[in-house]
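Chemist: Dropping a prediction and its sequence here:
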Amino acid sequence: MLLNTFEFILVFLPLSLLAYYAVAAVAPSLRLWVLLAFSVGFYSLWAWADTGWLLLSIAANFGFGVAITRLRANRRAALAALTAAIVLNLLYLAWFKYAKFLVESAMGVDWNYIGGVLPLGISFFTFTQIMFLVDLYRREAQPASPLLYGTFVTFYPHLPAGPLYHYSEVMPQLGGRSPRPVWDDLTVGWTIFVFGLAKKGFADLFAPMADAAFATGQADMTTLTAWTGAIAYSFQLYFDFSGYSDMAIGVARMFGVVFPENFRSPYKALSIVDFWRRWHMTLSRFLRDYLYIPLGGNRHGEPRRLFNLMVTMLLGGLWHGANWTFVVWGGLHGVFLCIDRLWRKAGLPTLPAVPAMIVTFIAVTFAWVLFRADTLLQAFDMMAAMLGLGAPFGTLPGIQWHANPVALAAQAPVRDGALLLAGFVIAWAAPNTQAIMHRAQPVLARVAEMPRIAWRPTLGWMMAVALLFALAATQISAKKVFLYWNF
């Protein structure tokens, strides 16, 4: 089931909320059973055949959690249990997500096997549980009952595509009572959900432009086509995933739970480092705390620091998908981060804010080509076109370079140009959801931006949200899957 369908908005969401709060009113101890049932049901409605794999993962990791808790007095034994748990989790993930890729890359043959169908959200529910086990070993999380643990992993707003959260962030809220009135949580959550739904609808408008560019043959690929398609995909991806994150944050808030922040206007970033502090923030936090720092972080000199950055980004790229395009995408971002680090260490001058934001956006958009392309050959041909070069990676005629600005403008349809302009205005100039909602504590982190446009529980705002929902509803379609559900 998708969050951007009428079945979810008009049936599943109201039923789950009604059942949760009705049971909470008469039998509070049973409310988590209701939430667990709806969460597993939500997953089953999308991928019922994968439900067994999800429950097997939960049962195994709960068992490891019990073992780590009992062995904590013996640090070496607890570490051995944690290591075994992490290895088995990674093998479990690798079997479904990477085995085919690794075998075919090594052997050069097609391989069909039982793990060929990727369970929905496997990367997210696997990494969520690894985080819990590590936190349990570090005594940063408390042991959980089977009910609490199952609800923590399956809580349906986050299950398909995050945000990645810590047990200590969510379970005290689910296990206790919200200090806010239910009506406040419902109105705030619904508003955030509608903002996300509108973002998803806006993202889908860019899909035809991006799809057309990436489907263009090498012989017909112009510099304008390449850049238009890359920028369109850059906006499609951002508004799609940011929209999903808002919808997940909004649904969780309707249950009285405040999620961690996942996006902070990433295209306003002034450097690649700043970009990764703003884009998919919970994944960036995971890579930093559970990979970069354990590798040594910045504690062993500059060469080791750069090496750790590269390894972290390469594995971060591979996390997104079993394809060399994702590995190279992660490696390219690793190179960007290393250049940024060396530049700053050398004391070289930095760009003013606006040029820095533009250069960062260009670099990120250039790398997104690898994220979207089906093959490295397709990505390299398109990147060559973006650089105004011929196509050295194929056998078809080279790409045309259109140097005449009038000719460039004449090739772009007015609608596409207006849509791209709207994307730039919203991404660069408009306040984000968390800033607009800052008075209502929309996320766990403190919201730094305080725009003049700030939500309040007034009739005017409720009418504006209703109008926005009506507009967003025109874009609702069961076929418009969230992009990050594929990762």
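Modeler: Looks like it came in fine. Residues are numbered from 1 along each chain as shown.
Chemist: rest of the way, CA atoms for contacts and neighbours
Modeler: Fine.
Chemist: how does this structure divide into domains?
Modeler: If you go by automatic domain parsing, the domain ranges for the chain are 6-177, 184-270+351-486.
Chemist: Put together CSV for the ones you listed, with mean neighbour count on each row.
Modeler: Shown next, in CSV, are the domains of the chain (neighbours: other CA atoms under 10 Å):
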stretch, mean neighbour count
domain 6-177, 17
domain 184-270+351-486, 19
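Chemist: least reliable of those going by mean pLDDT?
Modeler: Per-segment confidence across the domains of the chain bottoms out at domain 184-270+351-486, which has a mean of 86 in mean pLDDT.
Chemist: Show the end-to-end separation of that domain, please.
Modeler: Counting by CA to CA, to the nearest Å, you get 33 Å between the two ends of domain 184-270+351-486.
Chemist: likewise stretch 174-193?
Modeler: Using CA to CA, the two ends of stretch 174-193 sit 19 Å apart.
Chemist: Run the chain-centre distance for that stretch.
Modeler: Counting by CA atoms, centre = their mean, to the nearest Å, stretch 174-193 is centred 23 Å from the centre of its parent chain.
Chemist: go on, stretch 85-103?
Modeler: Taking the mean of its C-alpha atoms, stretch 85-103 sits 20 Å from the chain's own mean (CA atoms, centre = their mean).
Chemist: of the domains of the chain, which approaches His300 most closely?
Modeler: With CA to CA as the measure, domain 6-177 is the member of those nearest His300 (22.8 Å).
Chemist: what's the closest non-adjacent residue to Ile453?
Modeler: Ile436 (6.1 Å; CA to CA, 6 or more residues apart in numbering).
Chemist: Against Pro451, how distant is that neighbour?
Modeler: As judged by CA to CA, Ile436 and Pro451 stand 7 Å apart.
Chemist: Let me know whether Ser234 touches Leu370 as I believe.
Modeler: No. Ser234 sits out of contact with Leu370 when judged by CA atoms under 8 Å, with a separation of 11.4 Å.
Chemist: Could you tell me which residues make contact with the most centrally placed residue in the chain?
Modeler: For the chain, His280 is the residue whose C-alpha lies nearest the centre (CA atoms, centre = their mean; 5.0 Å). With contact taken as CA atoms under 8 Å, 6 or more residues apart in numbering, His280 is in contact with Pro163, Asn262, Phe263.
Chemist: Pull up the gap between the last one and Phe371, please.
Modeler: In other words, Phe263. Using CA to CA, one gets 18 Å for the distance from Phe263 to Phe371.
Chemist: Same question for the first one.
Modeler: Counting by CA to CA, the gap between Pro163 and Phe371 amounts to 20 Å.
Chemist: Stretch 46-57: how far from the chain's middle?
Modeler: For stretch 46-57 - counting by CA atoms, centre = their mean - the centre lies 21 Å from the chain centre.
Chemist: Endpoints of that stretch, how far apart?
Modeler: End-to-end distance (CA to CA), stretch 46-57: 18 Å.
Chemist: thinking again about what came up before, now, among the contacts of His280, which is nearest to Arg138?
Modeler: Within those, proximity to Arg138 (CA to CA) peaks at Pro163, which comes in at 21.8 Å.
Chemist: doesn't the closest one fall inside a strand?
Modeler: No. Pro163: not assigned to a strand; according to DSSP: H, G, I helix; E, B strand; the rest coil it is coil.
Chemist: pretty sure it contacts Trp279?
Modeler: No. Applying CA under 8 Å, one finds Pro163 not in contact with Trp279, separated by 11.6 Å.
Chemist: Between the two, which contacts overlap?
Modeler: If you check Pro163 and Trp279 against CA under 8 Å, 6+ apart, the residues they both contact are Asn262.
Chemist: Now do Lys345: how many residues are near it, please.
Modeler: For Lys345, the neighbour count with other CA atoms under 10 Å is 10.
Chemist: Next, find the distance separating it from Cys338.
Modeler: Following CA to CA, the distance that separates Lys345 from Cys338 is 10 Å.
Chemist: again with Pro146
Modeler: According to CA to CA, Pro146 stands 44 Å off from Cys338.
Chemist: With Met462 instead?
Modeler: 47 Å.
Chemist: likewise Ile476?
Modeler: Between Ile476 and Cys338 the distance, using CA to CA, works out to 41 Å.
Chemist: Now do the strands in the stretch 301-450 of the chain.
Modeler: Applying DSSP state E, counting those that start in this stretch to the stretch 301-450 of the chain gives no strands.
Chemist: Show the subsequent helix or strand relative to the host helix or strand of Phe64.
Modeler: Assessed by DSSP states H and E, Phe64 sits inside helix 51-70. Using DSSP H and E, the helix or strand that follows helix 51-70 towards the C-terminus is helix 75-97.
Chemist: Can you tell me what sits against that next one?
Modeler: Taking CA under 8 Å, 6+ apart as the rule, helix 75-97 contacts 61, 64, 67-69, 71-72, 115-119, 122-123, 126, 130, 133-134, 137, 321-322.
Chemist: May I have it exported as CSV, CA atoms only?
Modeler: Coordinates of the C-alpha atoms in helix 75-97 are reproduced here as CSV (Å, rounded to 0.1, in the frame of the first residue of the first chain):
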residue,chain,number,x,y,z
ARG,A,75,32.2,-7.3,27.4
ARG,A,76,34.1,-9.8,25.2
ALA,A,77,31.2,-12.2,25.0
ALA,A,78,28.7,-9.4,24.3
LEU,A,79,30.9,-8.1,21.5
ALA,A,80,31.1,-11.6,20.0
ALA,A,81,27.3,-11.8,20.0
LEU,A,82,27.0,-8.3,18.5
THR,A,83,29.5,-9.2,15.8
ALA,A,84,27.7,-12.4,14.9
ALA,A,85,24.4,-10.5,14.8
ILE,A,86,25.8,-7.8,12.4
VAL,A,87,27.5,-10.4,10.2
LEU,A,88,24.2,-12.4,9.9
ASN,A,89,22.2,-9.2,9.2
LEU,A,90,24.6,-8.2,6.5
LEU,A,91,24.6,-11.7,5.0
TYR,A,92,20.8,-11.7,5.1
LEU,A,93,20.8,-8.3,3.3
ALA,A,94,23.5,-9.4,0.8
TRP,A,95,21.6,-12.6,-0.1
PHE,A,96,18.6,-10.7,-1.3
LYS,A,97,20.1,-7.5,-2.5
